[in-house]
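Asker: Got a predicted structure plus its sequence, pasted below:
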Amino acid sequence: MSTTELAWFKSSYSGGGGGNCVEIAVGPEGVLVRDSKDTHGKALNVSPRAWTAFTVLAADSHS
């Protein structure tokens, strides 16, 4: 599956000013993360387990 066939979602923490924004998509082998300003660039593929650990830590840092 190519990255253009995936449903990409921009981070809810990304502002509208075009700064540091990331997008994610759930692929068949894990969660893909890419720079929203460079949608044709390479995406980082992380395991579902690693993504869950990251989101838990990120949520804890904002509580």
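Answerer: Structure's in. What do you need?

Asker: how about the strands of this protein, start to end?
Answerer: Ranges of strands in the chain, per DSSP state E, are 9-10, 22-27, 30-35, 44-46.

Asker: would TSV of the ones you listed with mean pLDDT be doable?
Answerer: Supplementary listing: the strands of the chain in TSV, determined by pLDDT from 0 to 100:
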stretch	mean pLDDT
strand 9-10	88
strand 22-27	92
strand 30-35	93
strand 44-46	95
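
Asker: Quick one: these as CSV, columns for mean neighbour count and distance to Ser61 too.
Answerer: Quick note: C-beta positions are derived from backbone N, CA and C, even for glycine. Below are these laid out as CSV (neighbours: other Cβ atoms under 10 Å; distance: least, Cβ to Cβ, whole Å):
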stretch, mean neighbour count, distance to Ser61
strand 9-10, 12, 20
strand 22-27, 17, 16
strand 30-35, 18, 18
strand 44-46, 15, 18
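
Asker: Next, format those as CSV and append distance to Leu57.
Answerer: What follows is the strands of the chain, written out as CSV (distance: least, Cβ to Cβ, whole Å):
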stretch, distance to Leu57
strand 9-10, 19
strand 22-27, 16
strand 30-35, 15
strand 44-46, 13
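
Asker: So which of the ones you listed is nearest Phe54?
Answerer: Phe54 sits nearest to strand 44-46 of all the strands of the chain, at 7.4 Å, using Cβ to Cβ.

Asker: ok, residues contacting stretch 41-50?
Answerer: When contacts are defined by Cβ atoms under 8 Å, 6 or more residues apart in numbering, stretch 41-50 is touched by residues Thr3, Ala25, Gly27, Glu29, Gly30, Val31, Leu32, Val33, Arg34, Asp35, Phe54.

Asker: Show the contacting residues for the fourth one.
Answerer: By Cβ under 8 Å, 6+ apart, Glu29 lies in contact with Asn45.

Asker: Pairing partners for the most centrally placed residue in the chain in the sheet, please.
Answerer: Of all residues in the chain, the one closest to the mean position by Cα atoms, centre = their mean is Ile24, 2.7 Å from it. Listed by DSSP bridges, the beta-bridge partners for Ile24 are Phe9, Val33.

Asker: wait, isn't it in contact with Leu32?
Answerer: Yes - between Ile24 and Leu32 a contact is recorded at 6.6 Å, counting by Cβ atoms under 8 Å.
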